[in-house]
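1. Kindly return the folded structure for what I paste below:
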Amino acid sequence: MREIKNYKDFWPYYLREHSSSATRGWHYVGTAIGLLILIFIIFTGALKFLPLVFVSGYFFAWMSHAAIEKNKPATFTYPLWSLISDFRMFYCFLSGKIRAELKKAGLD
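-> Here you go, the predicted structure:
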């Protein structure tokens with residue numbers, strides 16, 4: 001794979017690496033749980049639970065890549081863009097824009 005130089009090129013790549021709706025679904029689960037834990041921490045001040053934010057997000061994502069997509073998570077090569085894209089994908093899902101984004105990336 002060629003090195004991706006900018007986020008504009010990374011986003012379609014990221015979506016193609018998440019071509020299965022099941023993979024995306026498990027990412028949404030992990031992201032939602034992570035956000036709920038973060039909200040809990042903010043309201044309670046229970047910082048001891050902070051590692052669970054990352055564990056929940058990455059566990060579901062990485063397991064779905066291993067079991068469903070059979071590919072290496074983009075996090076290992078592009079950690080920041082991958083994190084940003086995970087939240088962007090989650091937002092697109094919640095706002096109903098994911099199908100249009102997948103189509104632009106050459107999927108669906």
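2. where's the residue most central in space within the chain relative to residue 43, distance?
-> Residue closest to the average C-alpha location in the chain (Cα atoms, centre = their mean): residue 86, at 2.8 Å. Residue 86 sits at a distance of 23 Å from residue 43 (criterion: Cβ to Cβ, to the nearest Å). Heads up, the C-betas are built off the backbone N, CA and C, glycines and all.
3. so what's residue 84 up against?
-> Shown in contact with residue 84 (Cβ atoms under 8 Å, 6 or more residues apart in numbering): residue 7.
4. element containing it, please.
-> Assigned by DSSP states H and E, residue 84 falls within helix 79-95.
5. Give the buried residues for that helix.
-> 81, 82, 85, 86, 88, 89, 90, 92, 93 (16 or more other Cβ atoms under 10 Å).
6. Quick one: list the elements packing against the helix or strand bottoming out on mean pLDDT in the chain.
-> In the chain, the helix or strand scored least confidently by mean pLDDT, DSSP states H and E is helix 50-64, which has a mean of 95. In terms of contacts (3 or more Cβ pairs under 8 Å, 6 or more residues apart in numbering; DSSP states H and E), helix 50-64 is packed against helix 21-44.
7. ok, residue 27 - contacts?
-> Residue 27 neighbours (Cβ under 8 Å, 6+ apart): 18, 60, 61, 64, 86, 89, 90.
8. per-residue confidence for it?
-> pLDDT recorded at residue 27 is 97.
9. on that earlier part again, not counting its own residues, what contacts the least confident helix or strand of the chain?
-> Contacts for helix 50-64 (Cβ under 8 Å, 6+ apart): 20, 22-23, 25-27, 29-31, 33-34, 37-38, 41, 73, 75, 86.
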